[in-house]
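Q: Turn this into a model:
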Amino acid sequence: MRIDKFLWFARLARNRSQAQAMAEQGIMRLNGRRIDRAHSPARVGDLVTLAQGDRIRVVRILALPARRGPAPEAMACYEELALGHNPES
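A: Model (predicted):
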């Protein structure tokens, strides 16, 4: 599945054009590798790192959705990973 389509179906982007722009701007990483193409393939088990506002999100793809369904269905397709932080900073 294309990464832009996954982001839209999983409700990590408001619309498909926003998801496509996120991928093409080079601000997203797929398995640690910077991507700059919306047609980059996303697979189950991949790690997606993206910036949303002032926040960095890291999600692991658990399933590839067949449609853009309701939020609970979309959230079941990925798991949010907590970024490690330094308690002394």
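
Q: List the residues that contact residue 63.
A: 44, 76-77 (Cβ atoms under 8 Å, 6 or more residues apart in numbering). Where C-beta positions appear, they are placed from N, C-alpha and C, glycine not excepted.

Q: Can you tell me which of those residues is closest to residue 35?
A: Taking Cβ to Cβ as the measure, residue 35 sits nearest to residue 44 out of the contacts of residue 63, at 17.2 Å.

Q: Look up phi and psi at that closest one.
A: phi -60, psi 130 (degrees, to the nearest 10).

Q: Count the neighbours of it for me.
A: Residue 44: 11 surrounding residues under other Cβ atoms under 10 Å.

Q: same check, this time on residue 7
A: Using other Cβ under 10 Å, residue 7 has 26 neighbouring residues.

Q: cool, and residue 75?
A: Around residue 75 there are 15 other residues, counting by other Cβ under 10 Å.

Q: can I assume residue 22 sits in a helix?
A: Yes: counting by DSSP: H, G, I helix; E, B strand; the rest coil, residue 22 is found in a helix.

Q: Surely it touches residue 7?
A: Yes: the pair residue 22 and residue 7 qualifies as a contact (Cβ atoms under 8 Å) at a distance of 6.7 Å.

Q: can you list residues touching both of these two?
A: 13, 50.
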